[in-house]
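Engineer: here is a sequence together with a model predicted from it:
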Amino acid sequence: MDLFADHGTEVPVPDGAFYMMLPVDSDDQAWCEGAIEEAHVATVPGSAFGTPGYARLSYAASEKRLREGVERLADTGYL
């Protein structure tokens, strides 16, 4: 969460599991498609979980990989 905050993106604190919901454009499907195509970061549209305008991310990875993913999203304008 601190990595996102460092890029000016506030995310809700997750309640459980190992997923977080990242606020994105209202067209979360298009945002997720762009994130995988341009930043090479896989996400799932929040609308698939009843939360449009968000992207679901798993943080069940190494800290190194998580940092890399956040940096890719930032470098390609997704944060």
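Structural biologist: Yes, it's here.
Engineer: list the buried residues of the helix ranked longest in the chain.
Structural biologist: When the chain is parsed with DSSP state H, its longest helix is helix 63-75. Using 16 or more other Cβ atoms under 10 Å as the burial criterion, the residues of helix 63-75 that qualify are 69-70, 72-74. Every C-beta, even on glycine, is put in place using the N, C-alpha and C of the backbone.
Engineer: can I get the residues you listed in a markdown table including distance to E38?
Structural biologist: Below are these laid out as a markdown table (distance: Cβ to Cβ, whole Å):
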| residue | distance to E38 |
| --- | --- |
| G69 | 13 |
| V70 | 14 |
| R72 | 9 |
| L73 | 9 |
| A74 | 12 |
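Engineer: can you give me the pLDDT of T9?
Structural biologist: On pLDDT, T9 comes in at 86.
Engineer: for the remainder of this discussion, apply numbering that starts at 625.
Structural biologist: Sure thing, new numbering starts at 625, so read that last one as T633.
Engineer: burial check on it, number of neighbours?
Structural biologist: 17 (other Cβ atoms under 10 Å).
Engineer: point out where this structure drops to low pLDDT.
Structural biologist: Applying pLDDT under 70 to the chain flags no residue at all.
Engineer: okay, strands next: where are they in it?
Structural biologist: Assigned by DSSP state E, the strands in the chain fall at 643-647, 668-669, 678-682.
Engineer: which residues touch the second one?
Structural biologist: For strand 668-669, contacts defined as Cβ atoms under 8 Å, 6 or more residues apart in numbering pick out 652-653, 655-656, 676, 678-680.
Engineer: could you check how many residues crowd around R680?
Structural biologist: Residues contacting R680 under the criterion other Cβ under 10 Å number 18.
Engineer: ok, it - contacts?
Structural biologist: Shown in contact with R680 (Cβ under 8 Å, 6+ apart): 643-646, 667-670, 672-673.
Engineer: ok, now A666?
Structural biologist: Shown in contact with A666 (Cβ under 8 Å, 6+ apart): 659-660.
Engineer: next one: R696
Structural biologist: Residues near R696 by Cβ under 8 Å, 6+ apart: 663-665.
Engineer: list just the nearest of those to A684.
Structural biologist: V665 (14.3 Å; Cβ to Cβ).
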